[in-house]
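1. Predicted model and sequence follow; I will ask about them next.
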Amino acid sequence: MLPEDGGLELTRSLHSRSPVPVLATVDRSDAVVVSAVIVTWNARDEVLACLRSLETCPPSVAWEAIVVDNGSRDGTPGALRREAPWARVIVNSTNRGLAAANNQGMIAARGDCFLISNPDVVWRPGAVDALRSVLERQPRAAWVTPRLRYVDGRLQTSAGDLPKLLDALIGRQGERARRRRAANPTTGLWWDEWEHDEERRIGRGHEAAYLVTRRAVEEVGLQDERYRLDWEGIEWTARLRAAGWEVWFSPDAEAIHLGGTSIRQVPYRWIVSSHRGMYRYFAGRTALAFRPVLAMIVSARAALKVVAAAAGAGMYERAFRGDDNPLK
């Protein structure tokens, strides 16, 4: 499914090296502290609700909002100009991918930290300040994740570890069963059984909403634009942690995350893109001789997911929601 000309061709094309964009140091004489960066694609109503939540529950410091529209065809740019003229809007003629659009927003931003937010996130009062508090108190914190909830109030898993290859291949359901046998709620790709009730350092955070410090981004670089949709945050987290930075979770910061607003519009594209990202991430951590085998395994997994999606399985829900978690 993934390699159009076989696994070896995928290995050649996806493993080609390209530099990670660098975030230039900017004049810090202005007063902006928090720059909210929201990338949107055909999610007009959701991004407007996200902006309204920030306007209603703003941080207590000077802030700005930057929306990067990735070629929407639902009238998003016009709606933003009419209903949120205070937000800065960058309009792309085509969908450049999530990492590239996130980078556009951060390059345009003036703040000391970047609030990276999906358009389908609604921020609660005090959330951004609570995230900032962690950055201020933890000198090596680069990334802080809030406690996310679904619209009905249930807890959404927001923490986990950087993935091992087996974790990624067996998926959330298989990995959860293995973790339960180990009786440890804070291990594995997602910590579904963890109650999210304490501020602590974690392996990685949910990518729907988080605050990242400019200092860390200036050191390690921006997101890798070869990841168009999915795995860009995992790769970025791995780079941050390799440089000695930390990822934290704050239970005092809360936001509502609808989930899958854009992904559900292109389920097959998301499956393919996610598996391309999976391959790229692990290919850089795999011996050269094994990469064609890795490509074939990941391609076979993608093909099975496409078949399941065509049969009506909710692939986004299976990957992200964890609905059978008794804590939720």
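-> Alright, I've got the coordinates.
2. show me where the stretch 1-150 of the chain has strands.
-> In the stretch 1-150 of the chain, the strands defined using DSSP state E, counting those that start in this stretch lie at 34-40, 63-70, 88-92, 113-117, 121-123, 141-149.
3. So which of those strands is nearest Arg82?
-> strand 88-92 (11.3 Å; CB to CB). Quick note: C-beta positions are derived from backbone N, CA and C, even for glycine.
4. quick one: that closest one to strand 34-40, angle?
-> Per axes from the mean of the first three to the mean of the last three CA atoms, to 10 degrees, the angle that strand 88-92 makes with strand 34-40 is 30 degrees.
5. now what about strand 88-92, what contacts it?
-> The contact list for strand 88-92 (CB atoms under 8 Å, 6 or more residues apart in numbering) reads 64-71, 77, 80-81, 101, 104-105, 108.
6. Report the angle between that strand and strand 63-70.
-> Going by the same axes, to 10 degrees, strand 88-92 makes 10 degrees with strand 63-70.
7. Just give the strands next to strand 88-92 in its sheet, each with its orientation.
-> Its sheet considered, strand 88-92 pairs with strand 63-70 (parallel) by DSSP bridges.
8. Give the rounded mean pLDDT of the partner strand.
-> For strand 63-70, mean pLDDT is 98.
9. Low-confidence regions, the stretch 51-200 of the chain specifically.
-> Within the stretch 51-200 of the chain, the stretches with pLDDT under 70 are 173-183.
10. would you list every one of the helices in it?
-> Using DSSP state H, counting those that start in this stretch, the helices of the stretch 51-200 of the chain run over residues 76-83, 98-108, 127-137, 165-182.
11. re earlier: just the buried ones out of the contacts of strand 88-92, please.
-> 64-70, 77, 80, 101, 104-105 (16 or more other CB atoms under 10 Å).
12. now, the most widely separated pair of the residues you listed?
-> So, those by CB to CB: farthest apart are Glu64 and Asn70, at 19.5 Å.
13. For Arg285, the count of nearby residues, please.
-> When neighbours are defined as other CB atoms under 10 Å, Arg285 has 10 of them.
14. average pLDDT for the strand ranked longest in the chain?
-> Determined from DSSP state E, the single longest strand within the chain is strand 246-257. Strand 246-257 carries an average pLDDT of 98.
15. Fine by me, thanks again.
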